[in-house]
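J.: what shape does this take:
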Amino acid sequence: MSSFKIFDIAGSGLSAQSVRLNTVASNLANADSVSGDPSTVYKARHPVFEAVRSAVAAQALGAAPGTDAANTAVRVRGIVESTALPSERYEPGNPLANADGNVYSPNVNVIEEMTDMISASRAYQNNVEVMNTSKELMLATLKLGSG
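T.: Presented below is the predicted three-dimensional model:
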């Protein structure tokens, strides 16, 4: 495995965690929104990650088996909406209330979203640290040859 592949692998992790952070931000930004119709209320979104092995991709493209078998990357397979029902509140004075005086709020759990944000942030930081450590090791290796 090439030493430079580590940057591709960590970079895919950075990209995936960035998408995760963006969906959390979107969920938190819409947590207090309301609608008069349960079908139009905001639904929490969550990314689905997928581990992609280079060997599988290489074999699909016709490369020799065993090529870069240790390389694995992360890919965002998609973003799914939550299927949890929105909460219903009786607020007849709200301009968005339906004929029965009810408004519907999203199924966003702020505590879960904050926990997910902390987890995504730490995973992002870990990938940055992997890249920095790899860079330092490569530079140290180059200094060995020149000294």
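
J.: residues contacting residue 127?
T.: Counting by Cβ atoms under 8 Å, 6 or more residues apart in numbering, residue 127 makes contact with 10, 11, 13, 14, 17. Bear in mind the C-beta positions are built from the backbone N, C-alpha and C, glycine included.

J.: what about the residue nearest to it when sequence neighbours are not counted, how many residues nearby?
T.: Leaving out its chain neighbours, the residue that sits closest to residue 127 by Cβ to Cβ, 6 or more residues apart in numbering is residue 13, at 4.1 Å. Look at residue 13: counted by other Cβ atoms under 10 Å, it has 20 neighbours.

J.: ditto for residue 118
T.: Neighbours around residue 118, by other Cβ under 10 Å: 11.

J.: related to what we said a few turns ago, in three-state terms, label the residue nearest to residue 127 for me.
T.: helix (DSSP: H, G, I helix; E, B strand; the rest coil).

J.: can you tell me how far it is from residue 76?
T.: Residue 13 is 11 Å from residue 76, where distance means Cβ to Cβ, to the nearest Å.

J.: tell me who's in contact with the residue nearest the centre of the chain.
T.: Centroid-nearest residue in the chain: residue 20, 2.3 Å away (criterion: Cα atoms, centre = their mean). By Cβ under 8 Å, 6+ apart, the contact set of residue 20 is 47, 116, 120, 123.

J.: repeat that with 6 Å
T.: Applying Cβ atoms under 6 Å, 6 or more residues apart in numbering, we find residue 20 in contact with 47, 120.

J.: against residue 93, how distant is it?
T.: Computed with Cβ to Cβ, the distance linking residue 20 and residue 93 is 37 Å.

J.: same check, this time on residue 25
T.: Computed as Cβ to Cβ, the residue 25 to residue 93 distance reads 30 Å.

J.: same thing with residue 117?
T.: On the measure of Cβ to Cβ, residue 117 and residue 93 end up 33 Å apart.
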